[in-house]
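Asks: when you get a sec, could you give me coordinates for this:
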Amino acid sequence: MKLSFTSFIGILAVTPTASAFTLTMGTGNSFGRVFRISTWGESHGGGVGVQLDGCPPRIPITRDEIQVDLDRRRPGQSRITTPRNEADAVEILSGLNPEDITLGTPIAMLVRNKDQRSGDYLENDMNVAYRPSHADATYDAKYGVRAIAGGGRSSARETIGRVAAGAVARKILKMYNGIEVLAYVSKVQDIACENVDDDTFTMEDVDANIVRCPDPESAERMLERIDEIRKTGNSIGGVVTCVARNVPAGLGAPVFDKLEADLAKACMSIPAAKGFESGDGFAGTLLSGKDHNDEFYIDPETGATRTKTNRSGGIQGGISNGENIVVHVAFKPTSTIAKAQSTVTRDGQEVELRGKGRHDPCVLPRAVPMVEAMVALTLVDALMCQQAQCELFPNEASQDERPNPMGTTAKREGGPKKNDLAAAGGGPIGLRVDEE
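Replies: Numbers count the residues shown, from 1 in each chain. As a prediction, the model looks like this:
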């Protein structure tokens with residue numbers, strides 16, 4: 001009997017023993033391909049956590065190292081964060097031996113919820129009314145049921161698992177090539193920082209003030225604006241900039257898995273994220289090609305190929321070029337505010353709602369470690385993919401037949417190559433291009 005494709009698929013759907021294909025659908029709780037995380041837990045449940053799979057063995061990592069990043073993310077840090085009092089103490093349940101060395105097996109980490117106040121949600125109109133710009137209505141539309149208290153999975157407490165796994169990724173990056181991933185608040189509403197050197201700022205500079213902006217003068221203006229908004233019961237948004245230093249050239253893939261595409265997915269998955277830019281981003285559209293292009297040169301000390309500028313943000317053609325990777329993530333104002341707003345109830349009645357409970361008047365300071373975590377996780381995953389595909393077999397071509405080393409940490413054997421073209425009096429090279 002001859003079957004049509006439609007009939008064949010129908011048989012697979014009703015035949016439990018059919019194994020010709022395994023059709024899987026993601027449920028939105030996992031991230032990464034080789035270095036892979038799955039987060040779990042609700043804001044007002046017993047706890048939240050993460051399972052990290054694919055972590056290399058023999059990596060020394062302690063609970064205290066992970067706790068550092070969680071402490072930077074936790075609530076109750078200052079007057080411009082939610083006053084919810086959570087220690088966010090991490091428990092490592094698996095994946096390490098007694099000497100705190102990774103085993104190569106899944107690492108499970110748990111943070112228990114201690115200070116949830118479900119009554120703030122269950123004993124008032126928020127029990128039946130959707131909070132404007134929250135996930136209440138869309139979760140209900142998708143699942144037909146939702147965790148009312150704290151927003152469930154849509155709460156920023158979900159990011160605890162990301163930050164814990166990101167601390168492991170940070171350690172791997174540091175061990176691999178001295179890679180650093182550091183973020184800071186670069187803009188609050190229309191107040192932008194002006195004096196930050198992406199090559200030199202430190203985490204200590206970032207954490208020197210409660211806004212997490214390494215430019216003290218700009219930080220003071222930002223803080224004044226946040227306080228002004230906070231006292232009116234309103235909220236405010238802005239931009240977090242993240243810089244990854246010492247990233248080797250070659251990470252990422254040319255088409256669907258471009259490095260900036262993976263970074264965009266990672267960063268846009270953070271609660272309240274609404275925009276992403278790589279390098280100059282939208283500002284680059286105001287320049288001509290001549291002004292925007294990052295011209296190449298040979299580093300006189302290392303002999304490596306470098307770029308004179310970094311408007312590409314360290315990524316060209318979807319692949320890292322060895323310069324600083326720079327991305328910007330825009331965060332909306334916190335949705336929960338103390339001002340009256342129009343909304344509807346679950347059964348379709350128009351009502352007025354005034355938000356209650358505890359929330360951040362500005363998510364930016366606590367978003368800094370979240371962005372760092374997602375960038376670090378993406379880079380480790382890209383590193384492991386690069387190792388699997390392109391470095392499984394060593395390149396045995398002679399030095400002259402290999403491409404010149406590229407990037408801030410690359411070095412050419414013997415130093416810079418003699419400029420034979422210049423010595424011979426050669427002029428500019430003509431290049432005929434026939435692009436689509």
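
Asks: neighbours of I298, just the number please.
Replies: Counted with other Cβ atoms under 10 Å, the neighbours of I298 add up to 16. Using the backbone N, CA and C atoms, a C-beta is placed for each residue, glycine as well.

Asks: I meant D434, not that one.
Replies: Using other Cβ under 10 Å, D434 has 4 other residues around it.

Asks: for my notes, confirm it occurs in a helix.
Replies: No. Read with DSSP: H, G, I helix; E, B strand; the rest coil, D434 is coil and lies in no helix.

Asks: for stretch 102-111, buried residues please.
Replies: Residues T102, P106, I107, A108, M109, L110, V111 are the ones in stretch 102-111 that count as buried (16 or more other Cβ atoms under 10 Å).

Asks: from those residues, which land in strands?
Replies: Within those, residues falling in strands by DSSP state E are I107, A108, M109, L110, V111.

Asks: looking at these, spot the one nearest P300.
Replies: I107 (43.8 Å; Cβ to Cβ).

Asks: now do the contacts for I298.
Replies: A304, T305, R306, N404, P416, K417 (Cβ atoms under 8 Å, 6 or more residues apart in numbering).

Asks: apply 6 Å and report the result again.
Replies: P416 (Cβ atoms under 6 Å, 6 or more residues apart in numbering).

Asks: repeat for R112
Replies: Residues near R112 by Cβ under 6 Å, 6+ apart: G47.

Asks: identify the bridge partners of it.
Replies: For R112, the beta-bridge partners under DSSP bridges are G47.

Asks: so how far is G45 from it?
Replies: Distance of R112 to G45, given as Cβ to Cβ, to the nearest Å: 10 Å.

Asks: which element is the nearest residue to T302 once chain neighbours are set aside on?
Replies: Once flanking residues are discounted, T302 sits nearest to K411: 4.5 Å by Cβ to Cβ, 6 or more residues apart in numbering. Of the helices and strands defined by DSSP states H and E, none includes K411.

Asks: repeat that for A169.
Replies: Per DSSP H and E: helix 159-177 holds A169.

Asks: buried sites along that helix?
Replies: Neighbour-count burial for helix 159-177 [16+ other Cβ under 10 Å]: 159-173, 176.

Asks: only C-alpha atoms, please: export the helix or strand following it in PDB.
Replies: Of the helices and strands lying after helix 159-177 in sequence (DSSP H and E), the nearest is strand 180-188. C-alpha atoms of strand 180-188 as PDB (Å, rounded to 0.1, in the frame of the first residue of the first chain):
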ATOM      1  CA  GLU A 180      36.600  38.700  31.300                       C
ATOM      2  CA  VAL A 181      32.800  39.400  31.000                       C
ATOM      3  CA  LEU A 182      31.900  42.700  32.700                       C
ATOM      4  CA  ALA A 183      28.700  44.800  32.400                       C
ATOM      5  CA  TYR A 184      27.600  48.100  33.700                       C
ATOM      6  CA  VAL A 185      24.600  50.500  33.600                       C
ATOM      7  CA  SER A 186      25.400  52.800  30.700                       C
ATOM      8  CA  LYS A 187      22.100  54.700  30.500                       C
ATOM      9  CA  VAL A 188      19.100  55.500  32.800                       C
END
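
Asks: now strand 180-188 against helix 159-177, angle please.
Replies: Calculated by axes from the mean of the first three to the mean of the last three Cα atoms, to 10 degrees, strand 180-188 forms an angle of 130 degrees with helix 159-177.

Asks: tally up the residues packed near V34, please.
Replies: What V34 shows, counting by other Cβ under 10 Å, is a neighbour count of 16.

Asks: ok, the closest residue to M109 other than its chain neighbours to N324 distance?
Replies: Counting by Cβ to Cβ, 6+ apart, A164 is the residue found nearest to M109 once chain neighbours are left out, at 4.6 Å. Relative to N324, A164 is positioned 26 Å away (Cβ to Cβ).

Asks: next one: V168
Replies: The spacing between V168 and N324, counted by Cβ to Cβ, is 23 Å.

Asks: related to what we said a few turns ago, what do R112 and G45 both touch?
Replies: What both R112 and G45 touch, as defined by Cβ under 6 Å, 6+ apart, is an empty set.

Asks: before we move on, back to that, so the residue nearest to T302 makes contact with E301?
Replies: No. Judged on Cβ atoms under 6 Å, K411 makes no contact with E301 at a distance of 8.7 Å.

Asks: ranges for the strands of the stretch 151-300 of the chain?
Replies: 180-188, 191-192, 238-245, 273-278, 296-298 (DSSP state E, counting those that start in this stretch).

Asks: for the second one, give me every contacting residue.
Replies: This points to strand 191-192. With Cβ under 6 Å, 6+ apart as the test, strand 191-192 has contacts from R221, M222, R225.

Asks: parallel or antiparallel, list what pairs with that strand.
Replies: Paired with strand 191-192 in the same sheet, following DSSP bridges, are strand 180-188 (antiparallel).

Asks: so for the strand it pairs with, mean pLDDT?
Replies: What strand 180-188 shows for mean pLDDT is 98.

Asks: again, but for stretch 198-208
Replies: For stretch 198-208, mean pLDDT is 96.

Asks: flag every buried residue along it.
Replies: F201, M203, D205, V206.

Asks: end to end on it, go ahead and measure it.
Replies: 16 Å (Cα to Cα, to the nearest Å).

Asks: now V211: how far from K274?
Replies: 20 Å.

Asks: more neighbours, those two?
Replies: Taking other Cβ under 10 Å, V211 and K274 do not tie; V211 has more neighbours (29 against 11).

Asks: surely that one touches L223?
Replies: Yes. Shown here, V211 and L223 form a contact pair, counting by Cβ under 6 Å, at 5.3 Å.

Asks: rewinding a little: to Y143, which of the strands of the stretch 151-300 of the chain lies closest?
Replies: Among the strands of the stretch 151-300 of the chain, the nearest to Y143 by Cβ to Cβ is strand 273-278 (21.9 Å).

Asks: least trustworthy helix or strand in the chain by mean pLDDT?
Replies: helix 5-14 (a mean of 46; mean pLDDT, DSSP states H and E).
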